[in-house]
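Chemist: what's the 3D shape of this:
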Amino acid sequence: MLRRDRQMRMQIHQLVDACIIAASFWLGYEFRASDTYLELVGAPPIDSFERFFWFYLVLIPVSPLVLESQGFYDRPMIASRRSTLWSLFKGCLFTSLGLTLALFFSKLYIARSVPIWFGLIAFSLVFTKEEIIRLVMKSQVGRSQYSRRFLLVGARGETDKMRAEINSHTGDGIHVVSELNLDETDLSQVINVLHDHAINGVILSTRHSHFDRAEAVLQACEIEGVEVWMMAEFFKIQVSKTSLDDFHGRPVLVFRSAPEASWQGILKQAIDFVGAWIALILLALPMAVIAILIRITSPGPVFFKQLRSGLNGSPFTVYKFRTMVTNAEQIKHELASMNEMSGPVFKMTSDPRITPLGKWLRKFSIDELPQFFNVVRGEMSLVGPRPLPVDETRRIHDMAHRRRLSVRPGITCLWQVSGRSEIKEFKDWVRMDLEYIDNWSLWLDLKILVRTIPAVFCGSGAK
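Modeler: Presented below is the predicted three-dimensional model:
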């Protein structure tokens, strides 16, 4: 099933489930507040429902998101009851616990049994909805409405692969009625199959086929009004994700191995800008004190400025509190033989260039604080791969390692919270950066920021 169809189906289910969960909360309250329950259990009466009505403003949008986080909407239309029950149970449990905590912190008194009854009723009603859908989908009417007849067109090995993949997702409603080898089939055969089997759609693979034949199939389906899914696998790619877009009305296939532009990305930039300004305001006085201490203890400038590689390798000037002697860069080549990090990066445990105050600043990453200026200027992010000096970037020989430059560099990253200088291999550093890029989300950024706090205060792995 196409992602667009899956998203549309998920949104419909989320809307229905939100309504069911809202009704479940009301039913749970009414059951607890009923005279029959009060007389049977001897429980005290509770406040009127109007006092808790505002919880709907949170409960309705949040509950479907909780179910989604438990994989409830990732299942095929006709999923096993076991997977349905387990994901639904976790979703209702977490929603009930969240409701209990919300009521507790809001200091509104409501009987503890209401969230329990709410969870049980929500679980029962949503599961009943799923069972009704299952019955409808398995009925003759449901199968005729939901099942779609497809024709596979492509080279023999390609259609075998597509058929196996379709068969592994039996709940998607795709029924393959025929297959044709594009290299051995003329257009008339394709048209005959479309007519004889009342084909709803064609899945076309053109990796090893002639594009003129594929174009003829596309034109025939266009005239017939039959939908075509063309597998965009013209090239062998390993990491890139493929998406379809248009460039001034012309269709474009986009191959991307970095996070795509999204609302999450825009929100990340907003958080970076606001967060950096807040940090600079709160840390203004401590940073001023540190600047004075640097001037007193070591002659020379307060800030260390260096060209670093930014987004896609674009150079920018990074700012740090100076922790070394003023001629540190000039004598760096004399210490090259003592480098403890493999690859182009220079790391040394007892670097003689570091000042006494600088050693303390480095231990707790205080020397990195001026980089909030870089974040405000849009050159860096709060979370992202650490920027390398331009000369070290030029010494990267493995081109796969340069993919760490595909996102904006950050003040903290997975490497920072995973032992920092205790990591000896540059490839391990890069592996963590690529792991971050491939799995990026705002939630991952938040987890890294939270892990950064104890790593900084403990000075773990710092040199």
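Chemist: just for the stretch 251-400 of the chain, where's the confidence low?
Modeler: 251, 328-330, 332-350 (pLDDT under 70).
Chemist: all helices for it, in order.
Modeler: 263-282, 284-297, 356-363, 371-376, 390-394 (DSSP state H, counting those that start in this stretch).
Chemist: Quick one: those helices as a markdown table, columns for distance to Leu103 and mean neighbour count too.
Modeler: Quick note: C-beta positions are derived from backbone N, CA and C, even for glycine. Conversion of those to a markdown table gives the following (distance: least, CB to CB, whole Å; neighbours: other CB atoms under 10 Å):
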| stretch | distance to Leu103 | mean neighbour count |
| --- | --- | --- |
| helix 263-282 | 29 | 14 |
| helix 284-297 | 40 | 13 |
| helix 356-363 | 44 | 18 |
| helix 371-376 | 38 | 21 |
| helix 390-394 | 54 | 16 |
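Chemist: With distance to Ile174 added, can I get those helices in CSV?
Modeler: As requested, these are exported to CSV (distance: least, CB to CB, whole Å):
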stretch, distance to Ile174
helix 263-282, 31
helix 284-297, 60
helix 356-363, 58
helix 371-376, 47
helix 390-394, 47
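Chemist: of these, which approaches Phe105 most closely?
Modeler: helix 263-282 (24.3 Å; CB to CB).
Chemist: Which other helices and strands does that closest one contact?
Modeler: If you count contacts as 3 or more CB pairs under 8 Å, 6 or more residues apart in numbering; DSSP states H and E, helix 263-282 packs onto helix 371-376, strand 381-383, helix 442-458.
Chemist: out of the ones you listed, which comes closest to Ala22?
Modeler: Comparing the helices and strands packed on helix 263-282 against Ala22 with CB to CB, the closest turns out to be helix 442-458 (25.9 Å).
Chemist: I'd like to know which of the helices of the stretch 251-400 of the chain is closest to Phe303.
Modeler: helix 284-297 (8.2 Å).
Chemist: wait, Glu130 sits on Ser87?
Modeler: No - counting by CB atoms under 8 Å, Glu130 stays clear of Ser87, with 10.5 Å between them.
Chemist: And the strands in the stretch 201-350 of the chain?
Modeler: For the stretch 201-350 of the chain, applying DSSP state E, counting those that start in this stretch gives strands covering 201-205, 227-231, 241-247, 250-256, 303-309, 315-321.
Chemist: and among the ones you listed, the most buried is which?
Modeler: strand 201-205 (a mean of 22; mean count of other CB atoms under 10 Å).
Chemist: packing partners for that strand?
Modeler: strand 148-154, helix 156-167, helix 211-224, strand 227-231.
Chemist: mind listing what that strand pairs with, with the direction of each?
Modeler: strand 148-154 (parallel), strand 227-231 (parallel) (DSSP bridges).
Chemist: Distance from the chain centre to it, please.
Modeler: 30 Å (CA atoms, centre = their mean, to the nearest Å).
Chemist: Identify all contacting residues around it.
Modeler: Around strand 201-205, the neighbours that count as contacts under CB atoms under 8 Å, 6 or more residues apart in numbering are 148-155, 158-159, 162, 182, 194, 214, 217-218, 221, 226-231, 233.
Chemist: related to what we said a few turns ago, which one of the strands of the stretch 201-350 of the chain lies closest to Arg404?
Modeler: Of all these, strand 303-309 comes closest under CB to CB, at 9.3 Å.
Chemist: and the closest one with helix 356-363, angle?
Modeler: Orientation of strand 303-309 against helix 356-363 (axes from the mean of the first three to the mean of the last three CA atoms, to 10 degrees) gives an angle of 40 degrees.
Chemist: can you give me the offset of strand 303-309 from its chain's centre?
Modeler: 31 Å.
Chemist: Tell me which residues are up against that strand.
Modeler: Counting by CB under 8 Å, 6+ apart, 315-324, 329, 367, 370, 387-390, 393, 405, 409 sit against strand 303-309.
Chemist: related to what we said a few turns ago, just the buried ones from the contacts of strand 201-205?
Modeler: 150-155, 158-159, 162, 182, 194, 214, 217-218, 221, 226, 228, 230 (16 or more other CB atoms under 10 Å).
Chemist: mind checking which helix or strand Met77 is in?
Modeler: If you go by DSSP states H and E, Met77 is not part of any helix or strand.
Chemist: which phi and psi does it have?
Modeler: Met77 has phi and psi values of phi -60, psi -40 when expressed as degrees, to the nearest 10.
Chemist: What is the neighbour count of it?
Modeler: 17 (other CB atoms under 10 Å).
Chemist: hang on, isn't it packed against Val136?
Modeler: No - shown here, Met77 and Val136 do not form a contact pair, counting by CB under 8 Å, at 10.1 Å.
Chemist: show me the contacts for Gly98.
Modeler: Counted by CB under 8 Å, 6+ apart, Gly98 has contacts 62, 66.
Chemist: Low-confidence ranges, the stretch 101-250 of the chain, go.
Modeler: 106-112, 141-145, 170-172, 207-210, 232-239, 246-248.
Chemist: that older thread, what's the closest of the helices and strands packed on strand 201-205 to Val417?
Modeler: helix 156-167 (38.0 Å).
Chemist: next one: that closest one to chain centre, how far?
Modeler: Counting by CA atoms, centre = their mean, helix 156-167 comes out at 29 Å from the chain centroid.
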